[in-house]
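Participant: my questions concern the predicted model and sequence given below.
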Amino acid sequence: MSTTTTATDPAGYWDRYASGVAEATPEEALKTAFGWCQYDGHGPGDELLGDPATALELGSGRGNAVAALATKGIAATGVDVSPAQCEKAHQRWGDLPGAEFVEADVVDYLAAAATAGRRWDAIYSIWAAAWFTDPEQLLPLVLDRLEPGGRLVFSHAPPVPGSYGAQGMYAQGFKGRRVWMYRWAYEPEEWTAILRGHGFVDVDVRVVAAPDPELVGTLIGTAHRDGARGVVGL
């Protein structure tokens, strides 16, 4: 199986996902925007990004994290392939100074940003594009679009033991149309090797335990383009 195969209908899948997400108040959305972990009130917050002047979210959904950064004076951009998610982000946060939302595939967007010469201090993904995009495609683009010393941060579920690489899933269930997607799963050690192999430095990838140790934890990775001052601990 080729790991470069893409989903047959990524925008449609994420549009359907958006329809099932509950709407929070703007205040609550900003308060919980940086849910690196899947448990409310658990785990680190936006301090993992360091102190960026500019930030790019890959798979920004409804734009809550972008908005939270913009309220702190950070020029934040969110890119998402879902028209429905982007519309919701524009409706709620479109008038917020410093917040920008773009409907695009993240790989295409990063490639276009290279042509335009645009870079960011921090690029991040919260249970989103860094999980659903082949790292062989994504990581070189991310490294190239980070400012010197810039930081990549991502989170998603840890892998099922013994099951690594591209993981296939039917996006419309086992009784639906044959619409599939892939997620990429690696243990922290393998993620570390992959990131270093693509030129990242100061790499730190680990699984943050759930509040109940019997529950699934969260894999969180940080890595830098050469020139970084160091890693913020998880």
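Facilitator: That came in fine, so what should we check first?
Participant: poorly predicted segments of this protein, please.
Facilitator: Within the chain, the stretches with pLDDT under 70 are 1-22, 170-177, 228-234.
Participant: can you list the strands that the longest strand along it pairs with?
Facilitator: The single longest strand within the chain, with elements called by DSSP state E, is strand 146-156. Paired neighbours of strand 146-156 in the sheet (DSSP bridges): strand 120-126 (parallel), strand 218-224 (antiparallel).
Participant: dump those to CSV, plus mean neighbour count.
Facilitator: The C-beta positions use only the backbone N, C-alpha and C, and glycine is treated the same way. Output for those, formatted as CSV (neighbours: other Cβ atoms under 10 Å):
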stretch, mean neighbour count
strand 120-126, 26
strand 218-224, 25
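Participant: I'd like the ones you listed as JSON lines, with distance to Val79 appended.
Facilitator: Listed next are the strands paired with strand 146-156 as JSON lines, based on distance: least, Cβ to Cβ, whole Å:
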{"stretch": "strand 120-126", "distance to Val79": "10"}
{"stretch": "strand 218-224", "distance to Val79": "19"}
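Participant: can you list contacts of the longest strand of the chain?
Facilitator: 36-37, 48-50, 52, 54, 119-128, 130-131, 142-143, 183, 195, 200, 218-229 (Cβ atoms under 8 Å, 6 or more residues apart in numbering).
Participant: let's go with 6 Å and repeat that
Facilitator: Strand 146-156 has contacts (Cβ atoms under 6 Å, 6 or more residues apart in numbering) with 36, 48, 50, 119, 121-127, 130-131, 142, 218-225, 227-228.
Participant: now swap in stretch 35-43 and tell me
Facilitator: Under Cβ under 6 Å, 6+ apart, the answer for stretch 35-43 is 44, 155, 208, 211, 218, 220.
Participant: one more pass at 10 Å, please.
Facilitator: Applying Cβ atoms under 10 Å, 6 or more residues apart in numbering, the contact partners of stretch 35-43 are 31-32, 34, 44-46, 48, 64-65, 124-127, 153-157, 208-212, 215-220, 234.
Participant: quick one: buried ones out of those residues?
Facilitator: Among these, those buried by neighbour count (16 or more other Cβ atoms under 10 Å) are 34, 44, 46, 48, 64-65, 124-127, 153-156, 208, 210, 217-220, 234.
Participant: isn't Val216 up against Ala210?
Facilitator: Yes: contact criterion Cβ atoms under 10 Å: Val216 and Ala210 qualify, at 6.2 Å.
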